[in-house]
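J.: Sequence and predicted structure are below.
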Amino acid sequence: MTVADIFCLTFIAVELLFDHFVVWQAFLRRFQVDPTRARLWLYRALVGELWALVACVVSLWLYQGRHWALLRLSAPHGWRLWISLALVLALATALAATIVRLARLRRRRRVKMRSRATVHAPHTRRELAWWSAVSLSAGISEELIFRGYLIWSFQPLLGLWGAAALSLVVFAAAHGYQGVGGALAVGVVGAFLTLVVLIFGSLWPAVAMHLLLDLQQGFAAWLVLQDAPDPKLVATPPVPSNT
């Protein structure tokens, strides 16, 4: 690890703290005034933050002249390629089936969402489009940072599994704005994606799965909430618990 790595790790830590204590709190304040504009503001801020993290790691790698395979950015080969493709297709099929079932339940008005989930979930087509941009950004950035760079950085000190465990804890804590339950759920998903990366030796299957999961979450929320009354008119959004 070089001095440049220390600067990059510091930048990542500062941005994660900034996101939790500044961006999210600013969103909650804006939400009280205009929820739709607040959500669009949040999505744009997240896209900027996520790609700033990507830029930090990519710039570091170019500056140091390191091989991209160290970040597991190479594609899987042989049986790993075919099994990872099968898993991605299976996940896509399962998520699509869930959306179809949700659409049917929505037509019967038999589905509701938890109030916490409605705070930042998309309600309009425009919000859904921006959510899709956030999903793509998160799929690439979070896998690169948490399953790529952080594991590489701490592996010399903690070993492969220790570094993977530490990156998983940081990943879950970074989603602390969702509350303790939400952060734990994110941790479970993160554990699965970590295993995918380590088994197949590549970030790309995890990137695809991460993207699909986020897209499904946003589309499901939009299906339920697109005709719902503005949450600011019926309730004050809950302040998330710190993890």
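T.: Nice, I can see it. Numbers count the residues shown, from 1 in each chain.
J.: Report the contact partners of the residue nearest the centre of the chain.
T.: Taking CA atoms, centre = their mean, the centroid of the chain lies closest to residue 138, which sits 4.5 Å from it. Shown here is residue 138, whose contacts under the criterion CB atoms under 8 Å, 6 or more residues apart in numbering are 46, 50, 210, 211, 214. C-beta here means a position set from N, CA and C on the backbone, and glycine is covered the same way.
J.: Among those, name the buried ones.
T.: Burial of those was assessed by neighbour count (16 or more other CB atoms under 10 Å); the buried members are 46, 50, 210, 211, 214.
J.: Look at the last one and tell me its secondary structure.
T.: Going back to what we said before, that points to residue 214. Classification of residue 214 by DSSP: H, G, I helix; E, B strand; the rest coil places it in helix.
J.: Give me the nearest residue to it, chain neighbours excluded.
T.: The shortest distance from residue 214 to any residue that is not its chain neighbour, by CB to CB, 6 or more residues apart in numbering, is 3.6 Å, and that residue is residue 135.
J.: how near is the one you found to residue 9?
T.: Relative to residue 9, residue 135 is positioned 25 Å away (criterion: CB to CB, to the nearest Å).
J.: what about those two, which has more around it?
T.: residue 135 (21 against 17; other CB atoms under 10 Å).
J.: Pop out the phi and psi values for residue 74.
T.: According to degrees, to the nearest 10, the main-chain angles of residue 74 amount to phi -80, psi 150.
J.: Pull the contacting residues for it.
T.: With the criterion set at CB under 8 Å, 6+ apart, residue 74 makes contact with 68, 201, 202.
J.: What is the nearest of the residues you listed to residue 220?
T.: Comparing the contacts of residue 74 against residue 220 with CB to CB places residue 202 closest, at 27.8 Å.
J.: Can you read off the pLDDT for that closest one?
T.: Per-residue confidence (pLDDT) for residue 202: 96.
J.: Pull the number of nearby residues for residue 221.
T.: Applying the criterion other CB under 10 Å, we find 22 residues in the vicinity of residue 221.
J.: that older thread, please identify the helix or strand for the residue nearest to the centre of the chain.
T.: Taking DSSP states H and E as the criterion, the element that holds residue 138 is helix 125-142.
J.: ok, and what's touching the helix or strand just after that helix?
T.: With elements assigned by DSSP H and E, the helix or strand that comes after helix 125-142 is helix 150-173. Applying CB under 8 Å, 6+ apart, the set of residues contacting helix 150-173 from outside is 1, 5, 9, 12, 16, 70-71, 142, 146-147, 183-184, 186-187, 190-191, 194, 197-198, 243.
J.: hang on, isn't residue 193 packed against residue 212?
T.: No. No contact is recorded between residue 193 and residue 212 when judged using CB atoms under 8 Å, the distance being 11.3 Å.
J.: which of the two has more neighbours?
T.: The residue with more neighbours, out of residue 193 and residue 212, is residue 193; 24 against 18, by other CB under 10 Å.
J.: Run through the residues that contact that one.
T.: Contact criterion CB under 8 Å, 6+ apart gives 143, 147, 206, 209, 210 as the residues in contact with residue 193.
J.: what helix or strand does the third one sit in?
T.: Same thing as residue 206. With the criterion set as DSSP H and E, the secondary-structure element containing residue 206 is helix 204-225.
J.: what about that helix, distance to the chain center?
T.: How far helix 204-225 lies from its chain's middle: 9 Å, per CA atoms, centre = their mean, to the nearest Å.
J.: Also stretch 22-34?
T.: Taking mean C-alpha positions (CA atoms, centre = their mean), stretch 22-34 and its chain are 20 Å apart.
J.: Just the buried residues of that stretch, please?
T.: Within stretch 22-34, judged by 16+ other CB under 10 Å, the buried ones are 23, 24, 27, 28, 30, 31.
J.: quick one, the helix or strand harbouring residue 14 and helix 150-173 angle?
T.: Taking DSSP H and E as the criterion, residue 14 maps to helix 3-18. Relative orientation of helix 3-18 with respect to helix 150-173: 10 degrees, computed using axes from the mean of the first three to the mean of the last three CA atoms, to 10 degrees.
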